[in-house]
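**Q** what follows is a predicted structure for the sequence shown.
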Amino acid sequence: MKKTHILGIIVIGIAIMIIVSTAGDASTYVSFDVAKELADEGNENLIHVVGTLKKDGEGNVVGIEKSRDLLSFAFVMVDNNAKEERVIYNEPMPADFMRSEQVVVIGSYKKDYFVADKILMKCPSKYQEEEVQVGSVL
Amino acid sequence: MHYFVGNLGHFLVIGAFVLSLVATYAYFQYTVSPELDKPKWKVYARGVFYLHGIAIIGVVSTLFYIINSHYFEYYYAYQHSSKLLPIYYQISCFWEGQEGSFLLWLFWNVLLGVIVINTNKFWEGPTMTVFSLVQAFLTSMILGIVLFDIKLGSSPFILLRDAISAPIFQINPDFVPEDGTGLNPLLQNYWMVIHPPTLFLGFATTMVPFAYALSGLWIGKLREWVRPALPWALFSTLVLGVGILMGAYWAYETLNFGGYWNWDPVENAIYVPWLILVGSVHVMIVFRKSNTALKAALILTITTFLSVLYATFLTRSGILGDSSVHSFTDLGLNGQLLIYLLAFVLLSIILLARAWKKMPSSEEEVSTYSREFWIFIGTTTLCLMGFQVIIPTSIPVYNAIVELFGGISNLAPPADQVGFYTKFQMWFAVAIAILSGTGQFFYWQKMNPQELKNALLMPVVVSLILSSTVIMVSKMTDPAYMVLLTASVYSIVANLKILSSVLKSNYRLSGGSIAHIGVAMMLIGILFSSGYSTIVSMNNTGLIWHKDFPEEVNRNNLLLFIHEPRDMGDYTLTYMGMRQIVREVPGYVQTEDLEALPILGKAKAKRDLIIEGTMYVKAGDTVSFINQENSYFEVKYVKDNGREFTLYPRVQINETMDMIVYSPDINRTIGQDLYTHVRTFPDPDDDIPWGDQEEKTVQVGEQFFVNDYVAQFEAVERIEELPQIDLGAEDVAIKAKIKLMGSFGDYIAEPIYLIKDKMVGRIPDQVNDLAARLTLLEVNPEENNFTFGVSTRQKDYIILEAVEKPLINILWVGTLLLVVGLTIAIHRRYGEFIKVRDKGVE
């Protein structure tokens, strides 16, 4: 066997390892129900849940609860299957959190709550202007 | 409405597109036609390409003219610019959008094309055919025409009314908005001015070696293309590398990302081509030295450019969607982008396959003691590094493919991106460090086991001593970090040894070792600044706010009430209040000392603004903000050893975009950076409720207490004018002036009492820093005193995170060395090309 062949085999081996590890470490987008099932089965992997903040009839966000020292907060999120869940986040509430149109929480269930490790927010008009503001025009 | 300029621009785009197609054809003919016809085609092809270049410059000027003249009837100007933007941000909003950034790319390509035309004798025809073809593809991205129901490109010259269906356009089609929505506040800093042009120059330059490689394949000059391509590949490595690091530095210094690299898909998408590019440079160098590795040089050079196209596809097609924080918005051009990518992949494969048989390949066994062997392994490591990053980064692509075939795929990127990538990249980095140290010995001299031993003994011993000292001093415990440190130190020592012997003979050859020292230093800088970054604001208050909350949580953030010192690690921190920057006063001004005026960008000083004994502004004078959106939080640090400093992390509140953007501030010392960023502060839109009002009756000159601070009732005066209230002849308005003595300085409160149309009105004044509000309730002429209402509330606060990043400067110094090394190498390789060219051989 030539050295180049051995090298080739090593390279292929590493490449396979990379692919397997990616498949193993990749997270998934799931609903709260599935996330709960996973947690009940003892699966502690972090998963992604996509949803929106719970709002009352007038469009006000409801269910926000800040800790006394303001360093963490909890909120109610509605996933794409319309299931509501309390999400706890151990970081102060980001300034434009209430304005977010869509929230992606990355985390897992711990006991009865979904604990987020990371929150991604999609804010309206953040990168795209959809409406023309006419009001300020004389 | 200014229709002409937009029509002109669109016409020039179409013209540029047609001209690039004609140039492709002409240069193709020039290349394939017999010797006799060549001069004719050459003149024609050049002329067309220059015209194309002029058209592109025309498009750029037109678009900039629209932005600069504030023609908000154009969507691009409306969406990316606004009236108040200074000229340098007008330049940056030029490339904020997809269309503008394509234009930037096109512009660089034109410039590079002109350079290639004027520096080559022999290669002009085939390389410029490739150039013109790439230009045709890129220009079509901004074409903005619809052919057979297919949208071809997105024009930057479309009118607002065609881009957005707002009701106002049905009433008045000629409606022109008064102002644009402005540049995204995240992007309003000087990095946005210099980072994109550098990065796009990097993108553009990867095309030059690609064009040489394809030309070589096409006209059968399978070996000769390397010589002219190598200096360009080195230049591209330099520019793209600097571009990437600028982005990293921008993210670190200005954006609130918390670090310089986050393994975000957009960052990854451009990191991978750079790795492959570096690999291609190495195999090209091997080829120049020993005529082996030709196939590898071709494949890697081509792959570099294709991976740039793939990166473009990832970041611009919208496919990254949820997984990235800063990809471009989707313009519905994914199909077009995909077709280009596939077209160039196919073209490259065909040309490669055609020439494959003719290429020399060595059948003999590669010796472990040859330079080829070591450089091959190094290049393979670089490619695997890239492979490891691109596989997970492409997860959204796999989902899209599965969905294309009707399946459902819900794969998401790894939840802990930093941890995931680090665990691989770190070991690759170890391999790179060891190889870049050892490989150099093989490169410069023929090796046998005995010589190798002699050469390596000193560097190995020295680096083991050095790194074990560092490990002990820094109390390093993680074995993986120890390995990386030792490998990097070894690389530095080994390359220093090479450098010293190379410098004795010819300094022109020193590029490689200097660049490798730079890379090893960068690795050490990254190791310490990331591996040993410590969150100093970590605090365990012992408060558990929820009984079900997991106990192992760390509190990374610190709550600071204004003027209340808190201990954090070795530091004592005090939040001193909000500050502003105004033109008239150097440094920062207390927000409390300014009263915003209804005129945009102006404020009135509430009192004399004196800094170090010099009075800059008198009370009542108008001052102008540099940028009214910005406020700064003054945070005072006192370290246990007595060192004091003040940081000013920033918040930018952009009303038009409804965005709140934070920006960190960094205290830099040689040994480490202390990085502070504010996570949140009371939303100025949510009013914190005031407590019950307490009444105080005092005479002028008397003192009283307001929220435990001493207040001095200084004066009462009648005022003639009030903003937004018309005072009639019968009306009366008086203003009380009260000085509040805070722990860190005085504040002025001026509540107003007025009688208008026989009705009493009261305008309270508040001092946010002291959380106090004063209302002039009653004027009692009989007793000659006044009654004030005093209310208080929760004090202002900020929540911040502070991180120490040790030895981060080694990373930046390493970057500089990499640049120096590459520059020396470019100089040498370009010299080689010029020599051969002027002999008339190529």
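**A** Sure, I can see it.

**Q** helices along chain A, start to end?
**A** For chain A, the helices defined by DSSP state H cover A:3-25, A:32-40.

**Q** with just CA atoms, put the shortest one into PDB.
**A** The C-alpha trace of helix A:32-40 is given here as PDB (Å, rounded to 0.1, in the frame of the first residue of the first chain):
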ATOM      1  CA  PHE A  32     -43.600  22.000  22.300                       C
ATOM      2  CA  ASP A  33     -45.400  18.700  22.500                       C
ATOM      3  CA  VAL A  34     -42.500  16.900  20.800                       C
ATOM      4  CA  ALA A  35     -40.000  18.700  22.900                       C
ATOM      5  CA  LYS A  36     -41.900  17.600  26.000                       C
ATOM      6  CA  GLU A  37     -41.900  14.000  24.800                       C
ATOM      7  CA  LEU A  38     -38.200  14.100  24.100                       C
ATOM      8  CA  ALA A  39     -37.600  15.500  27.600                       C
ATOM      9  CA  ASP A  40     -39.800  12.800  29.200                       C
END
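
**Q** returning to what we had before: could I get the helices of chain A as CSV with distance to residue A:121, mean neighbour count and mean pLDDT?
**A** Backbone N, C-alpha and C define where each C-beta goes, glycine included. Below are the helices of chain A laid out as CSV (distance: least, C-beta to C-beta, whole Å; neighbours: other C-beta atoms under 10 Å in any protein chain shown; pLDDT from 0 to 100):
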stretch, distance to residue A:121, mean neighbour count, mean pLDDT
helix A:3-25, 24, 13, 89
helix A:32-40, 18, 17, 87
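
**Q** for residue B:563, which non-adjacent residue is closest in space?
**A** residue B:743 (5.2 Å; C-beta to C-beta, 6 or more residues apart in numbering or on different chains).

**Q** please read the previous query as pertaining to residue B:53.
**A** residue B:110 (4.1 Å).

**Q** the helix or strand where the one you found lies packs against which elements?
**A** Here residue B:110 sits within helix B:98-119, counting by DSSP states H and E. In terms of contacts (3 or more C-beta pairs under 8 Å, 6 or more residues apart in numbering or on different chains; DSSP states H and E), helix B:98-119 is packed against helix B:38-68, helix B:75-80, helix B:87-94, helix B:124-140, helix B:190-219.

**Q** and the average pLDDT for that helix is what?
**A** Here helix B:98-119 scores 93 as its mean pLDDT.

**Q** buried residues in it?
**A** Residues of helix B:98-119 classed as buried by neighbour count (16 or more other C-beta atoms under 10 Å in any protein chain shown): B:98-110, B:112-113, B:116-117, B:119.

**Q** closest to residue A:117 out of the helices and strands packed on helix B:98-119?
**A** helix B:190-219 (29.1 Å; C-beta to C-beta).

**Q** tell me which other helices or strands that closest one touches.
**A** Helix B:190-219 packs on helix B:87-94, helix B:98-119, helix B:124-140, helix B:226-253, helix B:265-290, helix B:294-316, helix B:334-356, going by 3+ C-beta pairs under 8 Å, 6+ apart.

**Q** 7 Å instead?
**A** If contacts are counted by 3 or more C-beta pairs under 7 Å, 6 or more residues apart in numbering or on different chains; DSSP states H and E, helix B:190-219 sits against helix B:87-94, helix B:98-119, helix B:124-140, helix B:226-253, helix B:294-316, helix B:334-356.
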